[in-house]
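Curious how this folds, go ahead:
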Amino acid sequence: MSTIKASVAEQFAEHVPHHRRLAEIESAAAEMGSSPTDNGIVEMIVCRPAMLERMVLQEGVLDTTHGLCGDSWEMRSRSDGGLDPLRQITVMNSRALAAIAGHRERWPLAGDQLIVDLDLSMDSLPEGSRLQIGEAVARVTEPPHTGCAKFAGRFGTEALAWANGRQGRLERRRGMYVRVLESGTVRSGDVVRKLG
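Reported below is the predicted structural model:
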């Protein structure tokens, strides 16, 4: 379960009227059903040029050195001051995000660069799995992608608890990290294919 207190999340809660209750999230997720397990679709590409800024792209370049070109990943440092290549790109399942966020225009608030309709569960995509994403190839990395106070502020503490609970972590409802192995262009609507 989430360790973020509601009072901490409230600091980032500029979208409180849009927070869904747990029952509504679970109902929406059940209604949408499961994502495909082998070949999915890139539903949205989101670039974060600066802190708290979002740009929805129709096309972007995934680069082995820079991640999503134009994104602020390179400006976000680890505690030792270096970049963490294991957290280069964040990927979130579109159905989980739709259950949490509702309308598509709210999806960029999650802060993930790639929103895809593909089963991201640990069973489907264990660490080390490779994905063809448009023209690029990426590898699923080990660090867990968990929500933070900003995520709870934008979508609610119940959404964060649903994403980070035991089942949520197994299904990677909050998403996962990938590292780019082969640079290439990715477009909205491109196929995401499991390579093994």
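
Hmm, Val46 and Trp107 touching each other?
Yes - using C-beta atoms under 8 Å, Trp107 is in contact with Val46, at 7.5 Å. Bear in mind the C-beta positions are built from the backbone N, C-alpha and C, glycine included.

Mutual contacts of those two, please.
Ile115 (C-beta atoms under 8 Å, 6 or more residues apart in numbering).

top strand in this structure by residue count?
Among the segments of the chain that qualify as a strand by DSSP state E, the longest is strand 39-47.

Which strands or helices does that one pack on?
On a contact count with 3 or more C-beta pairs under 8 Å, 6 or more residues apart in numbering; DSSP states H and E, strand 39-47 meets strand 55-57, strand 59-63, strand 114-117, strand 184-187, strand 191-194.

how about the first one: buried residues?
Counting neighbours by 16 or more other C-beta atoms under 10 Å, one finds that the buried residues in strand 55-57 are Leu57.

who does the host helix or strand of Leu131 pair up with?
Assessed by DSSP states H and E, Leu131 sits inside strand 130-133. Paired neighbours of strand 130-133 in the sheet (DSSP bridges): strand 136-140 (antiparallel), strand 191-194 (antiparallel).

residue ranges for the helices of the chain, please.
6-9, 22-32, 94-101, 149-155, 157-164, 166-171 (DSSP state H).

which of the ones you listed has the lowest average pLDDT?
Between the helices of the chain, the lowest average pLDDT goes to helix 6-9, which shows a mean of 47.

Would you check that Asp71 makes contact with Arg48?
Yes - at 5.4 Å, Asp71 and Arg48 qualify as touching, with contact defined as C-beta under 8 Å.

In this protein, where is pLDDT below threshold?
Counting by pLDDT under 70, the chain has low-confidence residues at 1-17, 77-81.
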